[in-house]
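**Student:** structure for the following, please:
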Amino acid sequence: MSAAKEGGALAELKSSWALEYANSPYKYACGSSLVVIKKANGAATPLLALAYQASQEAYEGSRTQHLRFTTSKDGGETWTENKCVMWGPAPVWNPCLHYDAGKLEGSRGSFCPHSAAAIASGRLLLFYCESRKSLSPGGDIKYITSPDLGDSWLPPVTIYTHEAEEEVPKVCSGRLLVAQDGAWYLPVHREPAESWHTFTGKGFHPLSEAPEQQLQMAAPAGATPQARHAAPRPPCMPSLSMTTAACVLISRDSGATWKASGDIEDARTWLVNPTLEEGSKGQLIMMFRTSTGRTYMSSSADKGVTWSRPTYNSLPNPNSPFSTVTIDGQVLCVFNNSQTIRAPLALALSVNDCKSWEPLAMVEEDATGNFSCPSIVEWADDTVKVAYTVWGKGVKLATVKLATVDTAAA
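**Tutor:** Predicted structure coming up:
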């Protein structure tokens with residue numbers, strides 16, 4: 001437990017390990033995704049579910065990289081034995097958990113989660129992306145479904161292929177947004193295998209520690225920042241440069257069918273690992289990891305069809321994923337409060353649709369650490385839980401109770 005400094009909003013902080021490498025066969029785990037399932041099987045305490053990508057190799061992108069899943073009935077004090085729920089002949093990436101609340105009708109044996117009749121029933125979904133033609137992040141975006149809170153999983157369903165909009169790997173990473181009108185929005189980005197070189201050149205490549213990748217660290221011919229196209233392109237037309245492009249996958253029938261919409265890119269930086277929230281006027285707000293040292297954002301006032309030109313906001317970003325959640329109309333973000341390194345790990349609050357941010361609390365203050373790929377969820381009044389990777393050690397869970405914040409003057 002630690003108190004806030006200089007009048008900060010942190011009232012209480014407790015942390016524990018969801019996975020420690022020292023006590024497991026795994027030497028790499030990242031890309032955590034949390035979800036809270038209230039009244040699971042009638043229990044008074046919500047069920048906390050956690051998924052992450054893992055490998056016995058100590059680096060990202062191993063061919064054995066797969067997805068693991070675990071749950072906690074006591075808010076993260078103890079966890080069920082984590083189990084592998086998805087794997088493939090090439091790496092599997094970026095789990096994104098979503099619980100679709102409802103009541104299951106009929107017996108388990110007759111439940112078909114992919115039928116139109118059952119699609120809105122209570123079920124746990126795990127979205128992810130699977131490499132098929134490239135060992136780089138992404139590929140096909142798929143999901144698997146569990147009708148019994150993770151005890152069993154049905155076969156995967158592909159919703160966005162590597163080949164769609166030309167052959168570019170597709171990557172999901174942010175939490176699915178259920179809008180006020182009931183539509184589902186999954187933020188994704190398209191990531192050409194060599195797009196890293198566009199903005200970092202000879203800098204560190206995230207997969208360079210994987211010897212089997214045999215990556216060429218020199219930038220390939222033509223891998224330089226490209227000017228934006230003079231003429232606007234129709235929604236979901238592919239990027240024709242080595243940059244990335246973000247979009248949303250939209251479902252208006254609770255996951256039965258999906259359509260990609262939007263094409264958000266910028267010549268100054270790659271836009272990856274998008275998060276998505278719904279603003280005060282019903283607009284969609286997407287924020288991005290970038291290579292500029294700042295977080296970028298874009299918004300859509302027409303349900304994801306068109307998007308504003310990306311601009312930076314006040315949050316720093318050291319080329320690192322972050323996570324957001326909306327609570328009572330205010331957006332909380334857990335992020336690395338640095339432009340250059342993945343430390344410290346902090347919380348910030350926005351009361352004006354992500355335009356500006358106020359610091360709230362520190363989750364990890366060690367400036368020499370490496371705290372990666374967080375996931376934040378609301379747990380109780382004024383309390384959030386954050387899962388994140390402590391590099392070289394494992395996956396940690398922080399329970400953060402915030403003091404009441406007066407936002408009346410904001």
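**Student:** which regions of the chain lie under the pLDDT threshold?
**Tutor:** The chain contains residues with pLDDT under 70 at 1-10, 102-121, 193-243, 404-410.
**Student:** which residues in the stretch 251-400 of the chain form strands?
**Tutor:** Counting by DSSP state E, counting those that start in this stretch, the segments of the stretch 251-400 of the chain that form strands are 259-264, 272-278, 284-289, 294-300, 311-316, 323-327, 330-336, 345-350, 358-364, 371-380, 383-390, 394-402.
**Student:** got those as TSV, with distance to Glu60 and mean neighbour count columns?
**Tutor:** To be clear about C-beta, it is placed using only N, CA and C from the backbone, and glycine gets the same treatment. Formatted as TSV, the strands of the stretch 251-400 of the chain follow (distance: least, Cβ to Cβ, whole Å; neighbours: other Cβ atoms under 10 Å):
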stretch	distance to Glu60	mean neighbour count
strand 259-264	25	20
strand 272-278	13	24
strand 284-289	15	26
strand 294-300	22	21
strand 311-316	23	17
strand 323-327	18	19
strand 330-336	17	24
strand 345-350	19	23
strand 358-364	20	20
strand 371-380	10	22
strand 383-390	10	23
strand 394-402	14	22
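**Student:** among these, which is nearest Val36?
**Tutor:** Between Val36 and those, the tightest spacing by Cβ to Cβ is seen for strand 371-380, at 5.2 Å.
**Student:** helices or strands up against the closest one?
**Tutor:** The helices and strands touching strand 371-380, judged by 3 or more Cβ pairs under 8 Å, 6 or more residues apart in numbering; DSSP states H and E, are strand 28-37, strand 323-327, strand 330-336, strand 358-364, strand 383-390.
**Student:** just how off-centre is the shortest one within its chain?
**Tutor:** Taking Cα atoms, centre = their mean, to the nearest Å, one finds strand 323-327 lying 11 Å from the centre of the chain it belongs to.
**Student:** name the surrounding residues that touch it.
**Tutor:** Residues from elsewhere that reach strand 323-327 (Cβ atoms under 8 Å, 6 or more residues apart in numbering): 174-175, 275, 277-278, 287, 331-335, 354, 374-378, 384, 386.
**Student:** need the strands for the stretch 1-150 of the chain, in chain order.
**Tutor:** Along the stretch 1-150 of the chain, counting by DSSP E, counting those that start in this stretch, strands occupy 10-20, 28-37, 47-55, 66-72, 83-86, 92-100, 123-130, 140-146.
**Student:** distance to Glu165 added to those, as JSON lines?
**Tutor:** Output for the strands of the stretch 1-150 of the chain, formatted as JSON lines (distance: least, Cβ to Cβ, whole Å):
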{"stretch": "strand 10-20", "distance to Glu165": "36"}
{"stretch": "strand 28-37", "distance to Glu165": "24"}
{"stretch": "strand 47-55", "distance to Glu165": "25"}
{"stretch": "strand 66-72", "distance to Glu165": "25"}
{"stretch": "strand 83-86", "distance to Glu165": "24"}
{"stretch": "strand 92-100", "distance to Glu165": "19"}
{"stretch": "strand 123-130", "distance to Glu165": "15"}
{"stretch": "strand 140-146", "distance to Glu165": "12"}
